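Chemist: model the following, please.
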Amino acid sequence: MYSNYTTPVEFDMRDVRIVDFRSDTVSLPTARMRKAIYEATVGDDVYGEDPTVKELESRSAKMFEKEAALFVPTGTMANLLALMVHCSRRGSEAIVGDKAHVFLYEQGGAAQIAGVLLNTIPNLPDGTFCLDQLQNKFRGLDVHEPQTSLVLVENTHNMCGGKVLPLKWLDALAEICKKNSAKIHMDGARVFNAAESLNVPVSRIVRDVDSVCYCLSKGLACPVGSVLIGSNDFIKEAHRLRKALGGGMRQVGFLAAAGLCALDEIVPKLKYDHIRTRQIAESIRNLNSSLITVDLENLHSNILLVELLNKKLRPSELTQRLAEVHPKEIEDGLVDSSKRGISVKISARDWAYARIVVYTNVTDEEVNLAIRKIAYVVEEYQHNLK
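Modeler: Coordinates of the predicted model:
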């Protein structure tokens, strides 16, 4: 750990320009979206009387070429509902990648609430997993075993760096699951990013899955919500179970209005998030640093993993330093057009890398400021290694 930096000082927040790349969950509703929320026509959705919710659900089902859809508060609830419907017999098993959000970050709701065993399979770097291994994972013929009822996939894959699952792989997966009488659920929190990357309709990506959910409150900039999509029978049962999970909502059309706006305003602009992410990645690669690098060739979407090459530099330390503003930075002219210091927020947990996520509110100016700050901090670290 390097400790000989100039000590940061406390700046008035008005003197600091914050560029926040921690996650697309920090995205904010646009002006158009706020107006749509304010003007929304609403009713009691528990009574089935909210026209804006109905419109969002109907439009989502049509876009994904499925029969029906259901608005839910969160992606975690959407995934849990899918598990509960597809694995309705307690003690059933679902196969999921070991880096999947539903396995790592949803508090074991599959077991805790649904009574479903999650059987993991190693995720490959591209977000897929070995289909030969999958074939050997199916269980249920022996009375000692749980019955495998479901396979879950994530697209784009968050912890694999926003990777987009190949269509050929999804096609092969569907054939295997059909032969083994197993359903497929896609955690498609960022599935519109996958569609943008592949340049195909989102309906093509989910063609052979039995259910899918997408998140409104990540890259689509809505304040709350996800949409769960599938067959009429699937959604009917998910609707019933949503009530048991506390997901029955009243005048939720205010939130659904934001979702409709996102489909019109944000989805068509996702390509710019990808472009800006690549600009940051290229700038890091061009540093030719012995401290950090990126896998530019396998960058698919709006999530960028920054690999740390020197074990003395921990991801949490890099994250902390980028967020700080030191007096020398101001002296060296590392400021925005208003002469404010630059604080760049990225994320790092117990990972071997740091993560940058770009979303619709990020501007070209902020990308350029972040590039300058990253270069400055990397040079600072390299100087202190000498």
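Chemist: low-confidence ranges, the protein, go.
Modeler: 1-14, 385-386 (pLDDT under 70).
Chemist: let's go with 80 and repeat that
Modeler: Where the chain drops to pLDDT under 80, the residues are 1-14, 349-351, 383-386.
Chemist: from Glu196, how far off is Val362?
Modeler: The gap separating Val362 from Glu196 is 16 Å, by CB to CB, to the nearest Å. Every C-beta, even on glycine, is put in place using the N, C-alpha and C of the backbone.
Chemist: would you map the strands across this protein?
Modeler: Here the chain has its strands, by DSSP state E, at 16-20, 68-72, 93-97, 117-121, 148-154, 183-187, 211-215, 226-230, 292-293, 303-308, 341-345, 353-357.
Chemist: ok, back up a step: tell me which of Val362 and Glu196 has more neighbours.
Modeler: Comparing Val362 with Glu196 by other CB atoms under 10 Å, the one with more neighbours is Glu196, at 25 against 22.
Chemist: distance of the more buried one from Ala238?
Modeler: Glu196 sits 27 Å away from Ala238, going by CB to CB.
Chemist: list phi and psi for Ser231.
Modeler: The phi/psi pair for Ser231 (degrees, to the nearest 10) reads phi -80, psi 170.
Chemist: surely it touches Glu65?
Modeler: No. Contact between Ser231 and Glu65 fails when scored by CB atoms under 8 Å: they sit 11.7 Å apart.
Chemist: shared neighbours of those two, which are they?
Modeler: Here Ser231 and Glu65 share no contacting residue, scored by CB atoms under 8 Å, 6 or more residues apart in numbering.
Chemist: what are the ranges of the helices in the stretch 251-386 of the chain?
Modeler: Per DSSP state H, counting those that start in this stretch, the stretch 251-386 of the chain carries helices over the ranges 253-265, 270-286, 315-323, 327-331, 364-385.
Chemist: could you list the buried residues of the last one?
Modeler: To tie it back to what came earlier, the one meant is helix 364-385. 366-378, 380-381 (16 or more other CB atoms under 10 Å).
Chemist: how many other residues sit next to the nearest residue to Asp126 once chain neighbours are set aside?
Modeler: Using CB to CB, 6 or more residues apart in numbering and skipping the chain neighbours, the partner closest in space to Asp126 is Lys163 (5.0 Å). By other CB under 10 Å, 26 other residues sit near Lys163.
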